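Engineer: here's a sequence, model it:
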Amino acid sequence: MAIDRDTVRYVAHLARIRLDDKELDLLARQLEDIVNFIDKLKGLDLQGVKPTSHILPLKNIFREDKRIQSLSSKEALEDAPLRKDSFFVVPKVIE
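Structural biologist: Numbers count the residues shown, from 1 in each chain. As a prediction, the model looks like this:
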């Protein structure tokens with residue numbers, strides 16, 4: 001799959017990222033290399049290979065959940081710059 005400058009420019013626009021011409025060329029080459037490598041991986045015979053999330057035999061150590069006292073609404077809102085009743089007031093972010 002070919003990834004050209006126009007594709008990178010379009011995706012950068014969607015992500016609201018400004019890229020100059022040098023960065024567009026570099027990212028186009030890097031992304032195309034990544035896609036080509038993934039295409040190589042698709043051609044591998046993986047029959048009998050167990051799925052894994054990590055190459056090392058790691059185990060996660062979970063602690064027991066314990067119920068503890070949390071902040072009251074008043075305490076949580078104490079340092080809020082803006083609040084209304086028992087809620088935080090935040091700026092509107094939807095265009």
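Engineer: not counting its neighbours along the chain, what's nearest residue 9?
Structural biologist: Leaving aside its chain neighbours, residue 9 sits nearest to residue 24 (6.0 Å; criterion: Cβ to Cβ, 6 or more residues apart in numbering). Glycine gets a C-beta too; all of them are placed from N, C-alpha and C.
Engineer: who does the helix or strand containing that neighbour touch, helix- and strand-wise?
Structural biologist: Here residue 24 sits within helix 21-42, counting by DSSP states H and E. Helix 21-42 sits against helix 5-14, with contacts defined as 3 or more Cβ pairs under 8 Å, 6 or more residues apart in numbering; DSSP states H and E.
Engineer: state the mean pLDDT of the helix it packs on.
Structural biologist: For helix 5-14, mean pLDDT is 93.
Engineer: buried ones in it?
Structural biologist: Buried residues in helix 5-14, counted by 16 or more other Cβ atoms under 10 Å: 7-9.
Engineer: can you list the low-confidence ranges for the protein?
Structural biologist: Across the chain, the ranges flagged by pLDDT under 70 are 1.
Engineer: can you rerun that using 90?
Structural biologist: Filtered on pLDDT under 90, the chain yields the residue ranges 1-4, 46, 48-65, 73-74, 79, 85-86, 91-95.
Engineer: which residue of it lies farthest from its centroid?
Structural biologist: Using Cα atoms, centre = their mean, the residue of the chain lying farthest from its centre is residue 85. It sits 33.9 Å away.
Engineer: okay, the angle between the helix holding residue 24 and helix 5-14?
Structural biologist: 100 degrees (axes from the mean of the first three to the mean of the last three Cα atoms, to 10 degrees).
Engineer: for helix 21-42, the distance to its chain's centre please.
Structural biologist: 19 Å (Cα atoms, centre = their mean, to the nearest Å).
Engineer: give me the phi and psi for residue 90.
Structural biologist: phi -120, psi 160 (degrees, to the nearest 10).
Engineer: excluding its backbone neighbours, what's nearest it?
Structural biologist: residue 82 (7.7 Å).
Engineer: what's around the one you found, how many residues?
Structural biologist: For residue 82, the neighbour count with other Cβ atoms under 10 Å is 10.
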